[in-house]
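Asker: Below is the sequence, then the predicted model.
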Amino acid sequence: MKQNEKKDIQQDEKALNNQEPPDHEDKTMEQEKHQVQKKHKKTKSEEIAGLKEQLAELNDKYLRLFSDFDNYRKRTNAEKLELIKTASKEVIEGLLPVLDDFERALQNLNERRADDETIKGIELIYNKLFIFLKQKGLEPMESKGTEFNTDFHDAITQIPAPSKDMKGKVVDVVQKGYLLNGSIIRHAKVIVGQ
């Protein structure tokens with residue numbers, strides 16, 4: 001009988017193992033499955049949020065780099081333009097004494113009443129040179145009769161003003177001043193009334 005009992009116990013155990021779980025166990029398994037799916041959805045939404053954050057960060061970096069490059073391009077273009085404008089500065093500065101010599105020669109020839117052909121020839125050469133330099137951005141300063149300004153003028157001496165309205169103003173210009181594209185390349189040497 002003991003063998004029969006053993007067989008019965010084994011059969012009962014098999015039956016218990018093969019038996020379907022009760023209803024409450026079925027619900028817990030479904031809940032666990034649902035929680036795993038929720039976690040999976042959360043990780044996907046977190047992953048999407050992380051990717052959006054990365055995208056915004058990379059987009060910001062791209063925009064900053066683009067604006068930096070654009071600023072660099074604009075700055076180098078401005079520097080290049082400035083260099084082109086002032087590249088001939090040394091040459092023009094070297095030609096200013098020649099321009100002064102032409103003006104003195106013309107003034108001297110007019111005072112000595114030289115023949116008209118000589119004066120016209122020198123005026124023609126002077127005008128060609130002056131027009132060329134003007135095209136390159138050279139402008140003479142108009143100083144005589146203006147208020148003395150240390151930014152534009154170098155005072156050589158002061159003399160009593162010929163009239164009250166000439167006090168503190170430029171009475172005479174010893175050497176013309178010049179601007180190259182709006183920048184001073186030579187201050188005017190002047191006599192100031194006091």
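Answerer: Structure's in. What do you need? Numbering: from 1, shown residues only.
Asker: gap between Glu57 and Thr43?
Answerer: 21 Å (CB to CB, to the nearest Å). C-betas here are computed from N, CA, C, even on glycine.
Asker: do Asp154 as well
Answerer: From Asp154 to Thr43 the distance is 79 Å (CB to CB).
Asker: got it, and Lys176?
Answerer: 82 Å.
Asker: So Asp154 and Thr43 - more neighbours on which side?
Answerer: Higher neighbour count among Asp154 and Thr43: Asp154, with 13 against 10, using other CB atoms under 10 Å.
Asker: and the residue lying closest to that one once chain neighbours are set aside, what does it touch?
Answerer: Sequence neighbours aside, His187 is the residue nearest to Asp154 in space, at 4.6 Å (criterion: CB to CB, 6 or more residues apart in numbering). Counting by CB atoms under 8 Å, 6 or more residues apart in numbering, His187 touches Phe152, His153, Asp154, Gly177.
Asker: State the distance from His187 to Gly145.
Answerer: 17 Å.
Asker: And the residue nearest the centre of the chain, which helix or strand is it part of?
Answerer: Closest to where the C-alpha atoms of the chain average out (CA atoms, centre = their mean) is Arg75, at 3.8 Å. Using DSSP states H and E, Arg75 falls within helix 23-86.
Asker: Average pLDDT for that helix, rounded please.
Answerer: The average pLDDT within helix 23-86 is 81.
Asker: what's around Asp172, how many residues?
Answerer: 15.
Asker: ditto for Asn181
Answerer: 14.
Asker: repeat for Pro97
Answerer: 11.
Asker: same question, the one 10 residues further on
Answerer: Neighbours of Gln107 under the rule other CB under 10 Å: 10.
Asker: Surely it is within a helix?
Answerer: Yes: Gln107 forms part of a helix when assessed by DSSP: H, G, I helix; E, B strand; the rest coil.
Asker: next one: phi and psi at the residue nearest to Asp154?
Answerer: phi -70, psi 150 (degrees, to the nearest 10).
Asker: And Arg112, by the same measure?
Answerer: phi -90, psi 0.
Asker: gap between it and Asp101?
Answerer: 16 Å.
Asker: quick one, which of the two is more surrounded?
Answerer: Asp101 (11 against 7).
Asker: name the element the more buried one belongs to?
Answerer: Short version, using DSSP H and E: Asp101 is in helix 89-111.
Asker: Report the buried residues of that helix.
Answerer: Lys89, Ile92, Leu95, Leu96, Leu99, Phe102, Ala105, Leu109 (16 or more other CB atoms under 10 Å).
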